[in-house]
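fold the stuff below for me.
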Amino acid sequence: MAARAGAGAGGGDDSPLLDDLMPWSVRPLRTGRPWVTAPDAGSLRARWERLVRTEAAERERLFGPTRLRTPRTPVAALPGQATGTGRFARESGPCPEPIRILHGPFDEQWLLPDHRLIDAARPELWRVADGHQLFAVEHGYVPQDTGPALSVTALLPDGHSPGGRPGRIRPLYRRPGGLEPNLAPGLLALLRARHGDAVTDHSVLAWTLAAARHSPAGCVVPLPADTAHWSAGVELGQELLRLQLRGARGGERPRLPGGRRPYVRASVPPVPATLEYDPADEALLLGTGRISPVPAGAWEFRVGGVRMLELWFERRTTVAGAGAEDMDGLEAVRPRTWLQEWTSELLELITLLALLAELRPRREGLTDGPRITADDLRAAGVLPVPVAARRPASVLDHQEEGPDGQFALL
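Numbers count the residues shown, from 1 in each chain. Predicted coordinates for the structure are as follows:
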């Protein structure tokens, strides 16, 4: 197989698309009603209690009916979740335990995992979400965006795109238990023939995380023909993976070296109204609260053109009282003051973004030199991808409960 140098990030680039390398993808979740997610689990429990304790007419209003969901819509349970399947109009039981999800690229939030409340929950993702699964999340293309094209999480991601353009969610495995990598058939064999038997599904994901970039045609992943470049990219990608998993799968949570770790220098006020950055003192100012040191790389870290720290703060200050008097319905059930847990989460997010920013220079030159192009993959029979590889695998080895307690017909 001949390997040719890629033409760079332009119209002549023949690097393969991520859509061909990891062919099974799922669209982002669509809740249909914003009150089913929150930055804190307590708000979700309180919203549920208010909803199930109201009379029918008020329940209908608070629920927020859509074309796909009303309190009377028959819906099967989400895979792996022991929630009710009776019409929600008759629900009076306790709140299901909220689950941790990744909201957008780096914001860990909470979700009520009840299929009756979610317009498009993407059950195919829930079927393969287990202790082995990792999810690659594309960030929609935004012109002149210099942020990462991809992130990876062990949590169930909702696929929200900060730039407002939806990407895709790509599980690493098509079946539970870490079985059947979601890679183009023949890709692993081709890469092993080029770079050795140490190539695994995890190393392909690591390379992809390090090398993926935006293009108008979609997320592209240059593949090196040179093993030295491959090894350097996999090493970088494994470090990016370790950081983004935040201690999941037995890893360590992100930490900056002593002396560079951010600390709370002045406590965050009950309702911080503003977020500012003092570059001279490397300080993040939340109203009268102060956190430092905060590297400029963390403050400037953007995805889809959106500054991540500002977006994270905005989502919590609308929760913590700001503008709450103008809200109605279940969204108004929210903390009125800043939660201590948010300060801890903010310190970790600052750390994560700072470390990710420090790794950016290592991407320079990563994809220089000869590449394995899309034409090469076609010549080797890896492309085009079989239609079946783009569909969910049949993973059902158990019965799932359908609407009103009936077992689903599989």
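
which stretches of this protein form helices?
Using DSSP state H, the helices of the chain run over 18-21, 41-52, 56-63, 123-128, 187-195, 201-211, 227-245, 296-299, 308-317, 340-359, 374-379.

quick one, the second one and helix 56-63 angle?
Orientation check (axes from the mean of the first three to the mean of the last three Cα atoms, to 10 degrees): helix 41-52 against helix 56-63 gives 150 degrees.

ok now helix 41-52, how far from the chain's centre?
Distance of helix 41-52 from the chain centroid (Cα atoms, centre = their mean, to the nearest Å) equals 24 Å.

distance check, the most centrally placed residue in the chain against residue 294.
Central residue of the chain (Cα atoms, centre = their mean): residue 157, 4.0 Å from the mean position. Residue 157 sits 26 Å away from residue 294 when distances are taken as Cβ to Cβ, to the nearest Å. Where you see a C-beta, it was placed from the backbone N, CA and C, and this is true even at glycine.

dig out what residue 264 forms beta bridges with.
Beta-bridge partners for residue 264, by DSSP bridges, are residue 291.

which residues touch it?
Shown in contact with residue 264 (Cβ atoms under 8 Å, 6 or more residues apart in numbering): 289, 290, 291, 343, 347.

now the first one. Nearest residue, chain neighbours left out?
Distance criterion Cβ to Cβ, 6 or more residues apart in numbering; nearest residue to residue 289, sequence neighbours excluded, is residue 268 at 3.5 Å.

so the one you found makes contact with residue 286?
Yes. Here residue 268 lies in contact with residue 286, judged by Cβ atoms under 8 Å, at a distance of 4.9 Å.

which one's more surrounded, these two?
Using other Cβ atoms under 10 Å as the criterion, residue 268 and residue 286 rank with residue 286 on top: 24 against 21.

wait, what's in contact with the more buried one?
Residue 286 makes contacts with 268, 269, 272, 274, 275, 313, as judged by Cβ under 8 Å, 6+ apart.

what of residue 253?
Listed by Cβ under 8 Å, 6+ apart, the contact set of residue 253 reads 246, 247, 348.

relative to residue 105, how far out is it?
Distance, residue 253 to residue 105, using Cβ to Cβ: 18 Å.

quick one: low-confidence parts of the stretch 1-150 of the chain?
Within the stretch 1-150 of the chain, the segments meeting pLDDT under 70 span 1-12.

what about the strands in it?
Counting by DSSP state E, counting those that start in this stretch, the stretch 1-150 of the chain has strands at residues 4-5, 37-38, 99-103, 107-111, 135-138, 150-153.

ok, residues contacting the fourth one?
Applying Cβ under 8 Å, 6+ apart, the contact partners of strand 107-111 are 31, 36-41, 44, 98-103, 155-156, 158, 246, 308, 311-312, 315, 345, 349.

make a PyMOL selection of the buried ones in the residues you listed.
Typed into PyMOL, the next command selects the buried ones out of the contacts of strand 107-111 (criterion: 16 or more other Cβ atoms under 10 Å):
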select buried, resi 31+36+37+38+39+40+41+44+98+99+101+102+103+155+156+158+246+308+311+312+315+345+349
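
so what's the residue count around the closest residue to residue 342 other than its chain neighbours?
Once flanking residues are discounted, residue 342 sits nearest to residue 316: 5.6 Å by Cβ to Cβ, 6+ apart. The tally of other residues near residue 316 (other Cβ under 10 Å) stands at 23.

please name the residues that touch the residue nearest to residue 73 when sequence neighbours are not counted.
What sits nearest to residue 73 in space, not counting adjacent residues and going by Cβ to Cβ, 6+ apart, is residue 116, at 6.7 Å. Contacts for residue 116 (Cβ under 8 Å, 6+ apart) come out as 69, 73, 75, 83, 84, 85, 87, 88, 91.

test my guess that the fourth one contacts residue 115.
Right, the one you point to is residue 83. Yes. Using Cβ under 8 Å, residue 83 makes contact with residue 115 at a distance of 6.9 Å.

higher neighbour count, these two?
The neighbour comparison of residue 83 against residue 115 (other Cβ under 10 Å) goes to residue 115, with 22 against 19.

one step back: against residue 284, how distant is the residue nearest to residue 289?
The gap separating residue 268 from residue 284 is 10 Å, by Cβ to Cβ.

quick one: contacts of stretch 255-263?
Here stretch 255-263 makes contact (Cβ under 8 Å, 6+ apart) with 284, 291, 292, 293, 294, 295, 347, 350, 351, 354, 355.

which one of these is nearest to residue 25?
The nearest member of the contacts of stretch 255-263 to residue 25, counting by Cβ to Cβ, is residue 355 at 27.7 Å.

count of residues packed around the closest one?
By the criterion of other Cβ under 10 Å, residue 355 has 20 neighbours.

OK, contacts around it?
Per Cβ under 8 Å, 6+ apart, neighbours of residue 355: 243, 254, 256.

is it true that the second one touches residue 245?
No. If you go by Cβ under 8 Å, residue 254 and residue 245 don't touch, sitting 9.5 Å apart.

the closest residue to residue 63 other than its chain neighbours and residue 298, how far apart?
Excluding its sequence neighbours, the residue lying closest to residue 63 (Cβ to Cβ, 6+ apart) is residue 71, at 5.1 Å. Going from residue 71 to residue 298 by Cβ to Cβ gives 43 Å.

only C-alpha atoms, please: export stretch 384-397 in CSV.
Output of stretch 384-397 as CSV, limited to C-alpha atoms (Å, rounded to 0.1, in the frame of the first residue of the first chain):
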residue,chain,number,x,y,z
PRO,A,384,-16.1,2.4,1.9
VAL,A,385,-17.5,1.3,5.2
PRO,A,386,-20.2,-1.4,5.1
VAL,A,387,-23.6,-0.1,5.8
ALA,A,388,-24.0,-2.5,8.8
ALA,A,389,-21.1,-0.9,10.5
ARG,A,390,-23.0,2.4,10.7
ARG,A,391,-26.0,0.8,12.5
PRO,A,392,-26.2,-0.2,16.1
ALA,A,393,-25.2,-3.8,16.9
SER,A,394,-27.9,-6.1,18.2
VAL,A,395,-26.9,-6.2,21.8
LEU,A,396,-30.1,-7.3,23.5
ASP,A,397,-29.5,-10.5,25.5
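
name the residues of that stretch that are buried.
For stretch 384-397, burial by neighbour count (16+ other Cβ under 10 Å) applies to 385, 389, 392, 393, 395.

quick one: mean pLDDT for that stretch?
Summarised as a single mean, pLDDT over stretch 384-397 is 88.
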